[in-house]
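Peer 1: All I have is the shape, not the residue letters:
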């Protein structure tokens, strides 16, 4: 299978969209965020060195939406072109639950686990989100820890906090999310 990449310049550094043809249509199989310690392009070189810089109108539209989202616009992404079938059944359930969390809302790993019927599954939910192959498209930044600290994020905790602040979530001086109502 030919693998293609499209690099998007954002205020948080480059984002790489990896895609291929699946059933004759462009389908995204991974999104790489830049992290303070490692750029998305460095990740690309290490993980997908054979991918070809190439794009198409559908991928360009998603790239534009990712940039607009990271510029602060209210963008809701469709899941129609992401390869969720490459994820385990459990991770698919977690990613679908996370995708439902609207802009300006957050949930906790524990609440998502309970929603999925596993009261003790917070760590498993956290692991599924830590390995989310579609960050931004599936807004895993909207899951925080039960103690209201932001928790981890593939683009780094500062990126997570900044995106949440752009979405209207406020933090106090100690870094706790000032949220009264959680989603789920």
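Peer 2: That came in fine, so what should we check first? None of these values were measured; they are calculated from a predicted model.

Peer 1: Distance from stretch 93-107 to the middle of the chain?
Peer 2: Computed by C-alpha atoms, centre = their mean, to the nearest Å, the chain-centroid distance of stretch 93-107 equals 10 Å.

Peer 1: any idea how far residue 72 is from residue 162?
Peer 2: As judged by C-beta to C-beta, to the nearest Å, residue 72 and residue 162 stand 10 Å apart. Glycine gets a C-beta too; all of them are placed from N, C-alpha and C.

Peer 1: Ok, residue 144 next?
Peer 2: Between residue 144 and residue 162 the distance is 14 Å, computed by C-beta to C-beta.

Peer 1: Give me the more crowded residue out of those two.
Peer 2: Applying other C-beta atoms under 10 Å to residue 144 and residue 162 shows that residue 144 carries more neighbours, namely 24 against 17.

Peer 1: Would you list the phi and psi of that one?
Peer 2: As for residue 144, its main-chain torsions (degrees, to the nearest 10) stand at phi -120, psi 170.

Peer 1: and if you look at residue 78?
Peer 2: When read as degrees, to the nearest 10, the backbone of residue 78 gives phi -80, psi 150.

Peer 1: Just give the number of residues close to it.
Peer 2: Neighbours of residue 78 (other C-beta under 10 Å): 10.

Peer 1: residues touching the nearest residue to residue 103 once chain neighbours are set aside, list them.
Peer 2: In space, and not counting its chain neighbours, residue 103 is closest to residue 167: 5.0 Å by C-beta to C-beta, 6 or more residues apart in numbering. Contacts of residue 167 were listed using C-beta atoms under 8 Å, 6 or more residues apart in numbering, and they are 103-104, 142.

Peer 1: tell me what the lengthiest helix in the chain is packed against?
Peer 2: Longest helix in the chain, counting residues (DSSP state H): helix 57-70. Judged by 3 or more C-beta pairs under 8 Å, 6 or more residues apart in numbering; DSSP states H and E, helix 57-70 is in contact with strand 4-8, strand 15-22, strand 25-33.

Peer 1: Select, out of those, the one closest to residue 89.
Peer 2: strand 25-33 (17.4 Å; C-beta to C-beta).

Peer 1: Run the chain-centre distance for that closest one.
Peer 2: With C-alpha atoms, centre = their mean, you get 12 Å for strand 25-33.
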